[in-house]
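Q: Sequence and predicted structure are below.
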Amino acid sequence: MLVITNPILKEMLTIRQCFGRLAVALSLLMMTAPYCNAQRQTHKRTQKKQRTTLRKAKTVAQENSQATLTKAQADGKEVAAEKEKKQTTVHPKGQTGKASYYSRRATGARTSSGERLNNDSLVCAHRTHPFGTKLLVRNPANGKEVVVRVIDRGPFTRGRIIDLSYEAAKRIGMLSAGVAMVEVSVYDDTEVPYKPKEYKVPELELEMNDGGDAMHPAWKSKREEGKANNEK
């Protein structure tokens with residue numbers, strides 16, 4: 001077995017071994033480079049497909065959720081319309097019950113119809129009549145009546161059928177009582193046409209003119225006098 005004792009030769013041999021190992025590593029890297037590139041391209045294509053699939057799934061989910069929301073909104077609108085239809089029932093024969101009125105402090109408050117309350121207006125709140133309906137409210141204790149317009153919902157106290165504005169309550173004389181029994185009915189302001197009364201036309205005596213001068217004799221004499229004065 002050959003034993004190298006010279007340090008320089010040992011160093012050179014070590015450097016040669018390092019270069020040899022480096023060359024082997026470079027050749028292995030060059031051999032595996034195409035395979036690594038192919039794997040990288042495959043990985044990129046896989047990621048792209050996954051992103052496309054996720055995007056499509058997200059779009060489909062959004063469309064389904066939008067369709068579900070639209071259907072829910074439509075169902076909600078139908079339910080609300082049905083509820084409003086049930087609530088807005090008309091009582092053609094009228095109602096009898098207790099009535100209360102809004103406090104003066106409630107002026108300016110926004111009602112269920114969106115209109116603001118005014119104490120000087122003839123308005124009211126009713127649970128079932130549609131907004132804008134005119135109601136005739138009569139106080140049987142004194143016989144006073146008032147016509148009010150529905151702009152709010154209520155009252156929700158048991159036994160009460162209508163809430164009047166301050167001015168309406170004042171007109172039927174229930175301010176001191178606070179709560180009074182009233183009769184409520186739909187007010188019909190339709191005017192029914194009627195036949196006018198017959199009356200006799202006075203007879204007039206008229207004369208036909210044969211084509212001559214139809215001037216009054218007195219006016220004719222004045223005209224002649226005027227002409228004579230002008231000639232003088």
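A: Nice, thanks for sending it over.

Q: Three-state assignment for Phe156, please.
A: coil (DSSP: H, G, I helix; E, B strand; the rest coil).

Q: contacting residues around it?
A: Neighbour list for Phe156: Arg127 [criterion: CB atoms under 8 Å, 6 or more residues apart in numbering]. For the C-beta atoms, the positions are set from N, CA and C on the backbone; glycine is no exception.

Q: and it, what are its phi and psi?
A: Dihedral angles of Phe156 (phi, psi; degrees, to the nearest 10) stand at phi -110, psi 10.

Q: tally of neighbours for Glu183?
A: 16 (other CB atoms under 10 Å).

Q: Which strand residues bridge it?
A: Thr96, Arg138 (DSSP bridges).

Q: Now for it: which residues touch it?
A: By CB under 8 Å, 6+ apart, the contact set of Glu183 is Gly94, Gln95, Thr96, Val137, Arg138, Pro140.

Q: just curious, which of the residues you listed is nearest to Ser65?
A: Gln95 (46.4 Å; CB to CB).

Q: Quick check: the closest one vs Arg138, distance?
A: Gln95 sits 11 Å away from Arg138, going by CB to CB, to the nearest Å.

Q: which neighbours do the two share?
A: Joint contacts of Gln95 and Arg138 (CB under 8 Å, 6+ apart) are Glu183, Val184, Ser185.

Q: From Val179, how far out is the nearest residue to the second one once chain neighbours are set aside?
A: With CB to CB, 6 or more residues apart in numbering as the criterion, Val184 has its nearest non-adjacent residue at 4.6 Å, and that residue is Gln95. In this structure, Gln95 lies at 15 Å from Val179, with CB to CB as the measure.

Q: I'd like to know which elements the helix or strand containing Glu224 is packed against.
A: Using DSSP states H and E, Glu224 maps to helix 217-231. Using 3 or more CB pairs under 8 Å, 6 or more residues apart in numbering; DSSP states H and E as the contact criterion, no helix or strand is in contact with helix 217-231.

Q: All set now, cheers.
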